[in-house]
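>>> next comes the sequence, and after it the predicted model I'd like to discuss.
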Amino acid sequence: MKKHTIYGWKILGGDEDNEMPIAKNIARWHHEKWDGSRYPDGLKGEQIPVEARIVALADSYDAFRFPLPYKKELSHEKVVKIILEGDGSTPPDHFDPEILRLFRKYQRYSMKYIELILPQIGRQIQTTPYNNNIYSMFGNNKH
């Protein structure tokens, strides 16, 4: 499980080229924590690229928010409380303090937007043939 970060980074080219540097940073370092406690490289603080720090918080939110075979989903409010205050296994010092500040400030607006847009995206996905260009769902026909 812990090697998926390295596999994703290698799939995107690893050290071989300079294409998609942001995507490679996210793939490799989205499980690093601000306090240096995670993998794959044990990076700490600003050693972690900012895009990976943002996705780390989003990934934690997603993991709590949506059900898996071994756990139930949690409400938005409960997940916000866990991320901002901790729950014993997810302390706030796992996250960049500035990104936490922004999450605290904007999370209520983000959830309203998500609740508004998800049904629309769901309808589009259900009515879009599999072989259609997925970008057209979002009004961008560029490949």
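That came through, no problem.
>>> residue 32 is in contact with residue 59, correct?
No. Taking contacts as CB atoms under 8 Å, residue 59 lies outside contact range of residue 32: 11.1 Å. (Each C-beta comes from the backbone N, C-alpha and C, glycine too.)
>>> out of these two, which sits in the busier spot?
residue 32 (25 against 14; other CB atoms under 10 Å).
>>> phi, psi of that one?
Per-residue torsions, residue 32: phi -70, psi 150 (degrees, to the nearest 10).
>>> again with residue 68
According to degrees, to the nearest 10, residue 68 has phi -130, psi 170.
>>> what does residue 70 give?
phi -100, psi 0.
>>> that one and residue 63: what is the separation?
From residue 70 across to residue 63, the span is 12 Å (CB to CB, to the nearest Å).
>>> next SSE downstream of the helix or strand in which residue 59 is found?
Per DSSP states H and E, residue 59 falls inside helix 50-65. Next along the chain after helix 50-65, taking DSSP H and E as the criterion, comes helix 76-85.
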